[in-house]
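# structure of the sequence below:
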Amino acid sequence: MKCSPQQYARAFGEVAAKARSPEEKSAFVTNLTNVIRRNRDLPSRKKIIEAIEKFLRKQSGKRTVSVVSARPLTSSQNDIVASFVKQGDFIEYKVRPELVAGLKIIVNDETEFDGSLKRKLDKLFGVGQKT
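Here you go, the predicted model:
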């Protein structure tokens, strides 16, 4: 890989910020695709796209909030999540039965609140802890 996903993201973000029209933005995407292809980095395109999305969110001050629960959220749980998120945040809901109960909230792939029963049980029985 000639450039890291973060380098592609930064370059794209800086150039795209100067775009005045949708046509210019489209041209930037085409040019980026050509550069990625020329550098033979197409197998890493998913990582590159994720890095670009993360870079652009950070530049705009928006967050990605992932809500992972054992079952679909109830209306009261949805209200709690709604009180936490800001306008413009990207919210992703996932259902993972292995959590048993409760939920996890992950902000920008960095900050995590884990209120799942699985985590509590793992902590109680020492699963995953070094001895």
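
# hey, let's count contacts and neighbours off CA atoms from now on
Noted.

# so what does the worst-scoring helix or strand of the chain on mean pLDDT touch, helix or strand wise?
Within the chain, no helix or strand scores below strand 111-114, which has a mean of 78 by mean pLDDT, DSSP states H and E. The helices and strands touching strand 111-114, judged by 3 or more Cα pairs under 8 Å, 6 or more residues apart in numbering; DSSP states H and E, are strand 103-107.

# so how far is the strand it packs on from its chain's centroid?
Mean-position distance between strand 103-107 and its chain equals 12 Å (Cα atoms, centre = their mean, to the nearest Å).

# which stretches of this protein form helices?
For the chain, the helices defined by DSSP state H cover 5-16, 22-38, 45-60, 75-84, 117-125.

# next, the angle strand 103-107 makes with the fourth one.
Spelled out, that is helix 75-84. Helix 75-84 and strand 103-107 are oriented at 20 degrees to each other (axes from the mean of the first three to the mean of the last three Cα atoms, to 10 degrees).

# what comes up buried for helix 75-84?
Buried residues in helix 75-84, counting neighbours by 16 or more other Cα atoms under 10 Å, are found at Val81.

# which regions of the protein sit below the pLDDT cut-off?
Applying pLDDT under 70 to the chain picks out residues 1, 128-131.

# mind running it again at 80?
Regions of the chain meeting the criterion pLDDT under 80 cover residues 1-2, 16-17, 19, 109-113, 115-116, 127-131.

# tell me how it divides into domains.
As assigned by automatic domain parsing, the chain contains the domains 5-60, 64-125.

# wait, Gly88 sits on Ser60?
No. Look at Gly88 against Ser60 with Cα atoms under 8 Å: they stay out of range, at 9.5 Å.

# for Lys118, what are its contacts?
Lys118 is in contact with Glu98, Leu99, Val100, Ala101, counting by Cα atoms under 8 Å, 6 or more residues apart in numbering.
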